[in-house]
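Engineer: quick one: sequence plus predicted model below, questions after.
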Amino acid sequence: MTMRQETTHVPDFTLDQVDADGAIRETLDVVNGDTRAQFLAKAGIFGGGAFGGAALLGLTAEGAAAATAKSDVAILNFALTLEYLEAAFYTEAEQMLGADGELALFIRVVAAHERAHVSALKKVLGRKAVKKPKFNFRGTTESESKFRATAQVLEDTGVKAYKGQAPRIKSNAILNAALAIHAVEARHAAWIRDLNGTAPAPTAFDKPLSKSAVLAAVSKTKFIVPAQAPRRRTRRRSTAPRFTG
Amino acid sequence: MRAGEPGSEPAPFTLSKPGSLSRWAFIERATVARSQPGRGRRLARLSTRTPEGTHGLVMVLARVEVRDSLWVQVRLPVLPNNTTGWVRRERLGPYHAVRTHLIVDTRKRTARLLRRGHTVFRARVGVGQPRWPTPRGEFFVRNRLRGFSDPIYGPLAFGTSARSAVLTDWPGGGFIGIHGTNQPTLIPGRVSHGCIRMRNAEILRLDREMPIGTPLTVR
């Protein structure tokens, strides 16, 4: 990779822009219940990618979560939700963006990683795995400039947020998996930053993200479609259609 | 200026290839379809509701980014039939994919549904009488209706984006449906005002195979 000046503008996201649908907050409530505030204060809520490698680290047994601390199960499930998002984001970009060159390679490789993370987490969680949410990527998988900016934010956020998540993990095996995946997420972040013309490793030390900063990175996109979205009518009863017959 | 030359607009990215994979999207906000992305004359106004009261949808054909704005080429439910236009991406919801394709042959009076290129449904149909012909061209299935009392449509009807070119003052705009019938003995034949009629058992069988958004080719 080549070093470049930071020339690509990546928008700063704000909290209010992020979780307009409340989907992320709802997920957090489910995950952490009354400890949500504490969790958010420390957590990498976008550290989903940090746990996807569990399958490679001795956590492959289906339903292994049965023997895992409740809090770790919650963390894994939250990680799974976010891995679903990342995997869907990159998979859709694979199909929709029409990228070429190194960007296409980045998308293909990272999509495969994120799908592997989803697969591993589902295997570990077994029946305790949360269901895949519905997503609307709002054009970010169709515009190269929007995709680049969004991917960088997602990867940067995942890497930084991990620092807050790690201390809460009780299982050494899960922590080891988290450490391994954290490194992979950092590589994703460096890769997309390089592709975007920004410094791949801008600082010697990463700082954890605050609650608001993490929420901002996730929710700005409004990618997760609320489950209670109004049903679209595709039929009507009682009145006959007025087709030509 | 040609595509690919410096300063030229990027080539559209294909979103649908009927027969393999096609995409459609709900119209989230009413919008105007234009003859070119980002500019051009107004071709049609697209509503979030169909005349039947269902949520409006369009088949999406291609996408292009013009001056940081995404535009999507869509097939329009307007006359003249086969019209396409460009709408802003943000006016549409997420894409939905279908791998089905319904082909109606008005000469042979047959309907054939393909999934991933393989025929999964075949039926004889009634089509428009010579004075009210079933329009030919490329269309899409935009809604599915059932539970109505009028027996002439049978138990179920699909609405399409096709419109009669002659019955322009028909209530609701003269849209062509694919539906059942209370006169099954007339099928196959040139018997309708333009709609595509099937025997009731067959429209119910088609219902099990064909999702909304399916592209429709009438030959």
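Structural biologist: Yes, it's here. Since we're looking at a predicted model, the values are computed, not measured.

Engineer: for the helix or strand residue A:75 falls within, packing partners?
Structural biologist: Element membership of residue A:75, judged by DSSP states H and E, is helix A:70-96. The elements that helix A:70-96 packs onto, with contact taken as 3 or more CB pairs under 8 Å, 6 or more residues apart in numbering or on different chains; DSSP states H and E, are helix A:23-32, helix A:101-125, strand A:134-135, helix A:144-165, helix A:172-195. All C-beta spots, glycine's among them, are computed from the backbone N, C-alpha and C.

Engineer: buried ones in it, by neighbour count?
Structural biologist: By neighbour count, with 16 or more other CB atoms under 10 Å in any protein chain shown as the criterion, the buried positions of helix A:70-96 are A:71-96.

Engineer: what is the mean pLDDT for that helix?
Structural biologist: Per-residue pLDDT values across helix A:70-96 average out to 86.

Engineer: one more: stretch B:109-121?
Structural biologist: In this model, stretch B:109-121 carries a mean pLDDT of 95.

Engineer: now the phi/psi pair for residue B:123, please.
Structural biologist: Phi and psi for residue B:123, reported as degrees, to the nearest 10, are phi -160, psi 150.

Engineer: now it: how far from residue B:206?
Structural biologist: Here residue B:123 is placed at a distance of 7 Å from residue B:206 (CB to CB, to the nearest Å).

Engineer: which neighbours do those two share?
Structural biologist: Residues within reach of residue B:123 and of residue B:206 at once, by CB atoms under 8 Å, 6 or more residues apart in numbering or on different chains, are B:111, B:198.

Engineer: tell me who's in contact with the spatially most central residue of chain B.
Structural biologist: Computing the C-alpha centroid of chain B and ranking residues by CA atoms, centre = their mean puts residue B:140 first, at 1.8 Å. The contact partners of residue B:140, by CB under 8 Å, 6+ apart, come to B:22, B:24, B:58, B:59, B:75, B:160, B:161, B:213, B:214, B:215, B:216.

Engineer: thinking again about what came up before, go through the helices and strands packed on helix A:70-96 and pick out the most buried.
Structural biologist: Most buried of these, by mean neighbour count (mean count of other CB atoms under 10 Å in any protein chain shown): helix A:144-165, with a mean of 23.

Engineer: how about the helices and strands packed on helix A:70-96, which one is nearest residue B:40?
Structural biologist: Taking CB to CB, helix A:144-165 is the member of these nearest to residue B:40, at 23.4 Å.

Engineer: now do that closest one and helix A:101-125, the angle between them.
Structural biologist: Going by axes from the mean of the first three to the mean of the last three CA atoms, to 10 degrees, helix A:144-165 is angled at 40 degrees with respect to helix A:101-125.

Engineer: send the alpha carbons of helix A:144-165 over as CSV?
Structural biologist: Below are the C-alpha coordinates for helix A:144-165, written out as CSV (Å, rounded to 0.1, in the frame of the first residue of the first chain):
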residue,chain,number,x,y,z
GLU,A,144,-18.5,4.7,-4.9
SER,A,145,-17.9,7.9,-3.0
LYS,A,146,-20.6,7.1,-0.5
PHE,A,147,-19.5,3.5,-0.2
ARG,A,148,-15.9,4.5,0.5
ALA,A,149,-16.9,7.0,3.2
THR,A,150,-19.3,4.6,4.9
ALA,A,151,-16.9,1.7,4.8
GLN,A,152,-14.2,3.8,6.4
VAL,A,153,-16.5,4.9,9.2
LEU,A,154,-17.7,1.4,9.8
GLU,A,155,-14.2,-0.1,10.0
ASP,A,156,-12.7,2.8,12.0
THR,A,157,-15.5,2.7,14.5
GLY,A,158,-15.3,-1.1,14.9
VAL,A,159,-11.6,-0.9,15.6
LYS,A,160,-11.8,1.9,18.2
ALA,A,161,-14.9,0.7,19.9
TYR,A,162,-13.3,-2.7,20.6
LYS,A,163,-11.2,-1.2,23.4
GLY,A,164,-14.3,-0.7,25.5
GLN,A,165,-15.8,-4.1,24.8
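
Engineer: quick check, that helix touching chain B?
Structural biologist: Yes. Using CB under 8 Å from any CB of the partner chain as the criterion, contacts between helix A:144-165 and chain B involve A:144, A:145.

Engineer: that helix vs helix A:70-96, what angle?
Structural biologist: In terms of direction (the same axes, to 10 degrees), helix A:144-165 departs from helix A:70-96 by 170 degrees.

Engineer: and helix A:144-165, what does it pack against?
Structural biologist: helix A:36-42, helix A:70-96, helix A:101-125, helix A:172-195, helix A:211-219.

Engineer: pick out the shakiest of those, pLDDT-wise.
Structural biologist: helix A:36-42 (a mean of 32).

Engineer: partner strands of the helix or strand harbouring the residue nearest to the centre of chain B, parallel or antiparallel?
Structural biologist: Secondary-structure element containing residue B:140, defined by DSSP H and E: strand B:137-146. The strands that strand B:137-146 pairs with in its sheet are strand B:156-163 (antiparallel), strand B:215-218 (antiparallel) (by DSSP bridges).

Engineer: turn these into a markdown table, columns for mean neighbour count and mean pLDDT.
Structural biologist: Listed next are those as a markdown table, based on neighbours: other CB atoms under 10 Å in any protein chain shown; pLDDT from 0 to 100:
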| stretch | mean neighbour count | mean pLDDT |
| --- | --- | --- |
| strand B:156-163 | 26 | 95 |
| strand B:215-218 | 24 | 97 |
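
Engineer: any idea how far residue A:152 is from residue A:205?
Structural biologist: Spatial separation of residue A:205 from residue A:152 under the definition CB to CB is 19 Å.

Engineer: got it, and residue B:17?
Structural biologist: When distance is defined by CB to CB, residue B:17 is 32 Å away from residue A:152.

Engineer: likewise residue B:195?
Structural biologist: Relative to residue A:152, residue B:195 is positioned 52 Å away (criterion: CB to CB).

Engineer: before we move on, what about residue B:166?
Structural biologist: Remark: distance between residue B:166 and residue A:152 (CB to CB) = 56 Å.

Engineer: so what's residue B:163 up against?
Structural biologist: Contact partners of residue B:163, counting by CB under 8 Å, 6+ apart, are B:77, B:78, B:79, B:81, B:135, B:173, B:174, B:175, B:176.

Engineer: then residue B:176?
Structural biologist: Counting by CB under 8 Å, 6+ apart, residue B:176 touches A:243, A:244, B:134, B:135, B:139, B:160, B:162, B:163, B:164, B:194, B:195, B:196.

Engineer: reformat the residues you listed as JSON lines; add distance to residue B:186.
Structural biologist: As requested, the contacts of residue B:176 are exported to JSON lines (distance: CB to CB, whole Å):
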{"residue": "A:243", "distance to residue B:186": "16"}
{"residue": "A:244", "distance to residue B:186": "15"}
{"residue": "B:134", "distance to residue B:186": "14"}
{"residue": "B:135", "distance to residue B:186": "20"}
{"residue": "B:139", "distance to residue B:186": "23"}
{"residue": "B:160", "distance to residue B:186": "20"}
{"residue": "B:162", "distance to residue B:186": "20"}
{"residue": "B:163", "distance to residue B:186": "23"}
{"residue": "B:164", "distance to residue B:186": "19"}
{"residue": "B:194", "distance to residue B:186": "15"}
{"residue": "B:195", "distance to residue B:186": "12"}
{"residue": "B:196", "distance to residue B:186": "13"}
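
Engineer: right, I'll leave it there.
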